[in-house]
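Enquirer: Got a predicted model here, sequence first, then my questions.
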Amino acid sequence: MIDYNPPTHTDLNILYLDDSLIVVDKPTGLLSVPGRGEDKHDCMITRVQAEFPDALIVHRLDMGTSGIMVMARGKTMERSLSILFQNRQVHKRYAAVVTGKVSPTRGEINLPLMTDWPNRPRQIVSFEWGKPSQTRYQVLAYDAVADTTRVDLEPLTGRTHQLRVHLQALGHPILGDELYADPIICAQAARLLLHAAAICFPHPQSGEILTINSPIPF
């Protein structure tokens with residue numbers, strides 16, 4: 001079991017705020033929602049609710065993943081935003097640094113995923129039982145000295161650990177990944193090098209297209 005040592009709570013990094021929704025920048029090492037046990041109560045939603053009691057979760061980021069999280073303000077907005085996610089009207093982009101040289105330099109990964117039940121929360125590729133999962137990727141840069149590749153990722157579906165498992169399945173696990181990279185690759189970074197860098201969706205009330213970005217911290 002991975003130890004939980006959440007980062008010190010400082011001021012919320014709010015990227016967008018109105019009466020309908022809140023977009024925050026989640027730090028790495030912080031759970032999106034409370035985990036089991038009192039020691040895992042500190043998380044992104046409880047920190048936001050301390051200032052905005054009407055905030056509700058509509059999607060999550062893995063504990064190690066940093067970046068953009070959208071929260072609804074109230075039940076009506078929660079339903080509206082959830083529908084946008086279900087209908088794939090929310091477009092997300094992530095940045096990652098992986099081991100090795102990724103080739104070809106762009107493509108789409110189509111590998112069905114399911115929970116590895118004896119080893120939860122790990123996910124695995126299963127062509128028999130897995131749910132359809134698609135990720136587009138594009139290489140941004142290759143570091144020949146470190147033998148690592150920086151990639152832009154666009155998940156077309158929203159499965160648990162999708163980006164991490166898809167990249168591992170390509171033979172290019174993300175640096176700092178305690179679940180899907182071997183100890184040597186995991187130790188190449190002090191954190192999981194995965195960041196939710198951009199999101200674009202129509203505002204549930206006005207229909208205005210919101211495009212929100214978060215600076216990549218690695």
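Expert: That came through, no problem.
Enquirer: mind listing what the spatially most central residue of the chain touches?
Expert: In the chain, the C-alpha nearest the mean C-alpha coordinate belongs to Leu61, at 4.0 Å (C-alpha atoms, centre = their mean). The contact partners of Leu61, by C-beta atoms under 8 Å, 6 or more residues apart in numbering, come to Lys26, Ser32, Met44, Gly67, Met69, Ala196. C-beta coordinates here come from the backbone N, C-alpha and C atoms, glycine included.
Enquirer: go on, Val165?
Expert: Leu111, Leu113, Gln123, Ile124, Val125, Tyr180.
Enquirer: Take the contacts of Leu61 and lay them out in CSV including distance to Arg106, secondary structure and pLDDT.
Expert: Converted to CSV, those look like this (distance: C-beta to C-beta, whole Å; DSSP: H, G, I helix; E, B strand; the rest coil; pLDDT from 0 to 100):
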residue, distance to Arg106, secondary structure, pLDDT
Lys26, 28, strand, 98
Ser32, 29, coil, 97
Met44, 32, helix, 98
Gly67, 22, strand, 98
Met69, 27, strand, 98
Ala196, 20, strand, 98
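Enquirer: out of those, who has the most neighbours?
Expert: Of all the contacts of Leu61, the highest neighbour tally under other C-beta atoms under 10 Å goes to Lys26, namely 28 neighbours.
Enquirer: I'd say that residue and Met71 touch.
Expert: No - the pair Lys26 / Met71 is not scored as a contact, 10.4 Å apart, by C-beta atoms under 8 Å.
Enquirer: what number of residues lie near Asp152?
Expert: For Asp152, the neighbour count with other C-beta under 10 Å is 16.
Enquirer: Which helix or strand contains it?
Expert: strand 148-155 (DSSP states H and E).
Enquirer: What of Ile68?
Expert: Using DSSP H and E, Ile68 sits in strand 66-73.
Enquirer: Give the pairing partners of that strand; include direction for each.
Expert: strand 21-26 (antiparallel), strand 55-57 (antiparallel), strand 194-202 (parallel) (DSSP bridges).
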